[in-house]
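Peer 1: Here is my input; please provide its structure:
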Amino acid sequence: MSSEETPRNWRFLTNHTQVLLAIARDPDVRLRDVAHDVGITERAAQRILADLVRAGYIDRQRHGRRNRYLINPHAHMRHPAQEGQEIRALLELFATDGPIQG
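Peer 2: Below is the predicted model of the structure:
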């Protein structure tokens with residue numbers, strides 16, 4: 001099999017997108033469960049969540065010993081090709097439990 005025929009491991013949606021979607025499905029989800037569902041380490045999930053919080057896509061609220069995550073659906077996509085597009089469109093494309101709030 002030539003190098004052109006070798007299958008490469010790539011995905012259409014990044015791990016950042018997968019973490020965002022996991023949190024959209026369950027705002028009370030544990031990062032351990034997000035990591036498992038996305039197929040990444042818990043530490044990688046923590047780094048991605050920190051990126052999303054820092055960029056204003058997610059707000060983390062403490063509820064007792066747990067966290068609750070609120071997504072800002074009006075935050076804009078980062079890639080120049082989607083400039084001005086809110087992440088709401090992405091979230092609604094993959095929503096499984098009805099419309100996105102916010």
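
Peer 1: Tell me the pLDDT of residue 98.
Peer 2: For residue 98, the model assigns a pLDDT of 58.

Peer 1: again with residue 2
Peer 2: The model's pLDDT for residue 2 equals 54.

Peer 1: centroid residue for the protein?
Peer 2: Most central in the chain under C-alpha atoms, centre = their mean is residue 20, positioned 1.6 Å from the mean C-alpha point.

Peer 1: How confident is the prediction for that residue, by pLDDT?
Peer 2: At residue 20, the model reports a pLDDT of 97.

Peer 1: Could you verify my assumption that it touches residue 53?
Peer 2: No: under the criterion of C-beta atoms under 8 Å, residue 20 is not in contact with residue 53, lying 11.1 Å apart. To be clear about C-beta, it is placed using only N, CA and C from the backbone, and glycine gets the same treatment.

Peer 1: Just confirm the residue nearest to the centre of the chain is within a strand.
Peer 2: No: Residue 20 is assigned helix when assessed by DSSP: H, G, I helix; E, B strand; the rest coil, not a strand.

Peer 1: any idea how far it lies from residue 7?
Peer 2: Residue 20 is 27 Å from residue 7, where distance means C-beta to C-beta, to the nearest Å.

Peer 1: Identify the residues contacting the residue nearest to the centre of the chain.
Peer 2: By C-beta atoms under 8 Å, 6 or more residues apart in numbering, the contact set of residue 20 is 52, 57, 58, 71, 87, 90, 91.

Peer 1: Neighbours of the fifth one, how many?
Peer 2: The criterion is other C-beta atoms under 10 Å. On that basis, residue 87 has 22 neighbouring residues.

Peer 1: for it, phi and psi?
Peer 2: With angles defined as degrees, to the nearest 10, residue 87 sits at phi -70, psi -10.

Peer 1: Pull the residues that contact the helix or strand of the chain with the lowest mean pLDDT.
Peer 2: For the chain, using mean pLDDT, DSSP states H and E, the weakest element among its helices and strands is helix 87-94, scoring a mean of 92. Applying C-beta under 8 Å, 6+ apart, the contact partners of helix 87-94 are 17, 20-21, 24, 57, 71-77, 99-100, 102.
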